[in-house]
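Engineer: predicted model follows, preceded by the sequence.
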Amino acid sequence: MRGRILALATITLMLIATQGTVANPGGEGDGNRDFVCGGSCHGDPSLSAPSTATISITSGNTAFTGTAYQLDTTIEIDLISHSRILGVFLLSSTNGNGDNPEDHGWNIIQDPSGTTVNYVEVIVPTNGVVSLTWVLTAPEQVGDGDLIVAIHHGAGYEGLAYLGVSEPHSISIDPVPANLPGFALDWSAPNYRVTGDTSPVSVLTQNTTEISVEWKLEGESISHPATVEAGMEDEWLVHLPATMGDGRIVYRVTTSNGEFDVVQPWLTMGTIPPEFDGSLMGARAQGFAGAFMIIALMVSLQGLLQPARRKHELDQTEEVEAAEEKPVETVVEESTVDEDAAYRARLLKYDEHPGLLWDPVDEEWVNDPDYGGDE
């Protein structure tokens with residue numbers, strides 16, 4: 001009986017703690033995601049509504065197998081939640097499972113945030129227009145493929161999930177011309193560099209004998225040439241300037257082999273603060289220093305909290321005066337026995353033997369020191 005009551009109470013608490021809506025007004029963060037979230041918030045008609053936003057894709061309809069392809073999308077939205085968070089998906093289908101373009105042979109080189117995921121969250125500016133770019137590597141199989149941009153967002157305070165899906169953008173994937181230069185199939189653009197880092201960026205290519213790189217800070221209109229060095233086979237080291245704070249740098253690579261010159265899409269690289277670099281010995285030293293500081297604090301507090309001694313307890317004048325008034329005991333040393341006098345007292349003098357004295361103890365004659373001569 002008690003177990004049933006406990007189980008019923010647990011279920012009741014779980015139901016009470018459950019939120020009234022399954023939408024996430026604070027966002028879910030960037031990542032690789034399918035369009036539906038577990039078949040709940042997007043699939044339940046009572047918790048979702050169509051978005052009035054306009055989604056357009058302005059990119060070419062042709063791509064070569066295994067080469068870079070740039071997809072540009074513009075989203076115009078007039079109804080957004082107070083947080084102004086907009087979630088944007090790049091999909092190859094809307095089946096609810098296996099929607100990611102990578103499930104259909106595409107490889108995401110870089111997303112709008114500088115990473116390599118198909119879902120990003122952005123803050124909609126006041127003008128309601130958002131422009132985003134994904135850079136992908138086309139599938140290695142010839143054929144037709146679709147890329148779709150989908151969005152979800154909130155509006156007002158009713159807690160609904162507003163959904164929007166673009167028309168499929170059809171792309172004809174043609175065989176790559178022989179010896180076409182481009183990025184290596186397994187290469188992904190670096191997402192970030194540490195603040196102040198000037199180390200070169202490694203770019204991997206195929207069918208390429210030379211590359212040139214131009215760069216600019218995000219928001220600038222004029223680009224600058226970058227220094228390029230040849231590394232290992234099919235590797236190029238691109239020297240880009242260091243960035244600070246939240247600065248982002250965009251760069252574009254042109255791959256060449258004497259027969260073709262292919263201008264690749266613009267790539268973005270952000271800046272992150274340096275990671276904490278510590279050692280075990282440093283941590284131990286810091287721990288010992290902290291322990292010594294605590295000990296010193298405890299000793300100081302002990303001295304401060306110790307009750308102060310009164311003045312009469314420190315004044316020892318009465319004790320000193322009382323000690324001075326006591327009579328000094330005279331120590332009389334016992335007179336020592338003059339052994340030499342006792343020895344001379346036992347000596348006997350005979351007139352018959354002037355200059356000699358008789359020692360009855362040792363039974364021998366000894367010289368008389370008072371006579372002044374020997375026998």
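Structural biologist: Looks like it came in fine. Residues are numbered from 1 along each chain as shown.
Engineer: partner strands of the helix or strand in which residue 358 is found, with direction?
Structural biologist: Here residue 358 sits within strand 356-359, counting by DSSP states H and E. When pairing is defined by DSSP bridges, strand 356-359 lines up against strand 348-349 (antiparallel), strand 364-367 (antiparallel).
Engineer: doesn't residue 293 belong to a helix?
Structural biologist: Yes. Using DSSP: H, G, I helix; E, B strand; the rest coil, the assignment for residue 293 is a helix.
Engineer: give me the neighbour count for the residue lying closest to residue 261 once chain neighbours are set aside.
Structural biologist: Sequence neighbours aside, residue 254 is the residue nearest to residue 261 in space, at 6.1 Å (criterion: Cβ to Cβ, 6 or more residues apart in numbering). All C-beta spots, glycine's among them, are computed from the backbone N, C-alpha and C. Close neighbours of residue 254, defined as other Cβ atoms under 10 Å, add up to 15.
Engineer: now swap in residue 367 and tell me
Structural biologist: For residue 367, the tally of surrounding residues (other Cβ under 10 Å) stands at 13.
Engineer: what separates it from residue 354, distance-wise?
Structural biologist: The spacing between residue 367 and residue 354, counted by Cβ to Cβ, to the nearest Å, is 11 Å.
Engineer: one step back: among the strands paired with strand 356-359, which is nearest residue 135?
Structural biologist: Closest approach to residue 135 among the strands paired with strand 356-359 (Cβ to Cβ): strand 364-367, 131.9 Å.
Engineer: on that earlier part again, dump the residue contacts of the residue nearest to residue 261.
Structural biologist: 211, 212, 213, 214, 261, 262, 263, 264 (Cβ atoms under 8 Å, 6 or more residues apart in numbering).
Engineer: mean pLDDT and distance to residue 161 added to the strands paired with strand 356-359, as TSV?
Structural biologist: Output for the strands paired with strand 356-359, formatted as TSV (pLDDT from 0 to 100; distance: least, Cβ to Cβ, whole Å):
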stretch	mean pLDDT	distance to residue 161
strand 348-349	81	143
strand 364-367	83	137
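Engineer: of those strands, which stretch is the most buried?
Structural biologist: Using mean count of other Cβ atoms under 10 Å, the stretch among these with the greatest mean number of neighbours is strand 364-367 (a mean of 13).
Engineer: I'd say residue 149 and residue 92 touch.
Structural biologist: No. In this structure residue 149 lies outside contact range of residue 92 using Cβ atoms under 8 Å: 11.2 Å.
Engineer: common neighbours of those two, please.
Structural biologist: Common neighbours of residue 149 and residue 92 (Cβ under 8 Å, 6+ apart) do not exist.
Engineer: so where do the strands sit in the stretch 101-250 of the chain?
Structural biologist: 107-110, 119-123, 129-137, 143-153, 161-165, 169-174, 182-183, 192-194, 201-206, 210-217, 224-225, 227-230, 235-239, 249-256 (DSSP state E, counting those that start in this stretch).
Engineer: of those strands, which approaches residue 346 most closely?
Structural biologist: Nearest of these (Cβ to Cβ): strand 192-194, 110.6 Å.
Engineer: ok, back up a step: got a list of contacts for the strand holding residue 358?
Structural biologist: 346, 347, 348, 349, 350, 364, 365, 366, 367, 368, 371, 375.
Engineer: repeat that with 6 Å
Structural biologist: With Cβ atoms under 6 Å, 6 or more residues apart in numbering as the test, strand 356-359 has contacts from 347, 348, 349, 365, 366, 368, 375.
Engineer: greatest separation within the residues you listed: which pair is it?
Structural biologist: Checking the contacts of strand 356-359 with Cβ to Cβ, the most distant pair is 348 and 375, at 15.6 Å.
Engineer: right, and the strands of the stretch 101-250 of the chain - which one's nearest residue 293?
Structural biologist: Evaluated over the strands of the stretch 101-250 of the chain, closeness to residue 293 peaks at strand 192-194, with 32.0 Å, by Cβ to Cβ.
Engineer: which neighbours does the closest one have in its sheet, and in what orientation?
Structural biologist: Strand 192-194 has these strand partners (DSSP bridges): strand 261-272 (parallel).
Engineer: now the strands paired with strand 356-359 as JSON lines including distance to residue 33?
Structural biologist: Below are these laid out as JSON lines (distance: least, Cβ to Cβ, whole Å):
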{"stretch": "strand 348-349", "distance to residue 33": "136"}
{"stretch": "strand 364-367", "distance to residue 33": "130"}
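Engineer: right, so of those, which gets closest to residue 245?
Structural biologist: The nearest among those, by Cβ to Cβ, is strand 364-367 at 116.0 Å.
Engineer: what are the buried residues along stretch 204-213?
Structural biologist: 204, 205, 206, 207, 208, 211, 212, 213 (16 or more other Cβ atoms under 10 Å).
Engineer: stretch 266-283 now?
Structural biologist: Buried-residue list, stretch 266-283, by 16+ other Cβ under 10 Å: 266, 267, 268, 269, 270, 271.
Engineer: pLDDT value on the residue nearest to residue 54 when sequence neighbours are not counted, please?
Structural biologist: Leaving aside its chain neighbours, residue 54 sits nearest to residue 76 (4.5 Å; criterion: Cβ to Cβ, 6+ apart). Predicted confidence (pLDDT) at residue 76: the value is 96.
Engineer: and if you look at residue 39?
Structural biologist: pLDDT, residue 39: 39.
Engineer: quick one, which of the strands paired with strand 356-359 is nearest to residue 175?
Structural biologist: For those, proximity to residue 175 was assessed by Cβ to Cβ; strand 364-367 is nearest, at 145.0 Å.
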